[in-house]
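A.B. asks: here is the input, now give the coordinates:
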Amino acid sequence: MFSDNKKGKFPDPSSQQNRISEGTKIIGDISSKGGFRIDGEIEGLVQTPNKVVIGKSGVLRGTLICKDADIEGAVHGKVEIDNLLAIKSTARIEGEVVVGKLAVEPGATFHASCDMKGAVKTLGKNAKKQGAKTA
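C.D. replies: Numbering: from 1, shown residues only. Alright, predicted model coming up:
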C-alpha cells in the first residue's frame, strides 16, 4: 500500500510552467527553473533558464532574464534573452534589450536600445580582398 517505489518520480522542475494570472500583482524578485506565463503584473526581476510568455494583459516593470520569450503585453526595463525574443503586434517594450535573435511583428511598440549578441559572420577570402581593393 505505502511503498518507496515513487521515489524519483517527481516531475522535472525545468519542465513545469509557473503562471501569474491576470489580477495578480507581485513586487519582488522571482527565480525558477521552470518557465513563466505572465498575465498579471510583476515589479522586479524574473529569471529562468527556460521560456517566458508575457500575455496581452501582462506587465513587467524590472528585469527579465531567460532563454526565450514571447511578449504580447508590456515590459518596462531590461530584457536579456539568450536565444529568441518574439515581440507580438500588441507588445509595448521600453528600456534595454539584449538578445540572441529578434522577431518583431508589425504594430508592436518598441522604444528600446537593442544589442543582438548572435554569431559574428566572417567574410570569405574573396570578399576581404575585394573590400581591401575598394577601400
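A.B. asks: buried stuff in the helix or strand containing Ile42?
C.D. replies: According to DSSP states H and E, Ile42 maps onto strand 41-47. Neighbour counts over strand 41-47 (16 or more other CB atoms under 10 Å) mark Glu41, Ile42, Leu45, Val46, Gln47 as buried. No exception for glycine: its C-beta is placed from N, CA and C like everyone else's.
A.B. asks: then stretch 61-71?
C.D. replies: Per 16+ other CB under 10 Å, stretch 61-71 contains these buried residues: Gly62, Thr63, Leu64, Ile65, Cys66, Asp68, Ala69, Asp70, Ile71.
A.B. asks: starting at the chain centroid, how far to the helix or strand containing the first one?
C.D. replies: I take that to be Gly62. Using DSSP H and E, Gly62 sits in strand 59-66. Centroid separation for strand 59-66 versus its chain: 8 Å, with CA atoms, centre = their mean, to the nearest Å.
A.B. asks: please apply the same query to stretch 40-57.
C.D. replies: 8 Å.
A.B. asks: residues in contact with Val59?
C.D. replies: Residues near Val59 by CB atoms under 8 Å, 6 or more residues apart in numbering: Gly40, Glu41, Ile42, Gly73, Ala74, Val75, His76.
A.B. asks: apply 7 Å and report the result again.
C.D. replies: Glu41, Gly73, Ala74 (CB atoms under 7 Å, 6 or more residues apart in numbering).
A.B. asks: circling back: include pLDDT and distance to Gly58 when you put the buried residues of strand 41-47 into a markdown table, please.
C.D. replies: Formatted as a markdown table, these follow (pLDDT from 0 to 100; distance: CB to CB, whole Å):
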| residue | pLDDT | distance to Gly58 |
| --- | --- | --- |
| Glu41 | 97 | 7 |
| Ile42 | 97 | 8 |
| Leu45 | 97 | 15 |
| Val46 | 96 | 11 |
| Gln47 | 96 | 16 |
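A.B. asks: out of these, which two sit at the greatest distance?
C.D. replies: Maximum pairwise distance in those, criterion CB to CB, is 17.1 Å, between Glu41 and Gln47.
A.B. asks: quick one, strands of this protein?
C.D. replies: 17-20, 25-27, 30-31, 35-38, 41-47, 51-54, 59-66, 68-71, 74-81, 84-87, 92-99, 101-104, 109-116 (DSSP state E).
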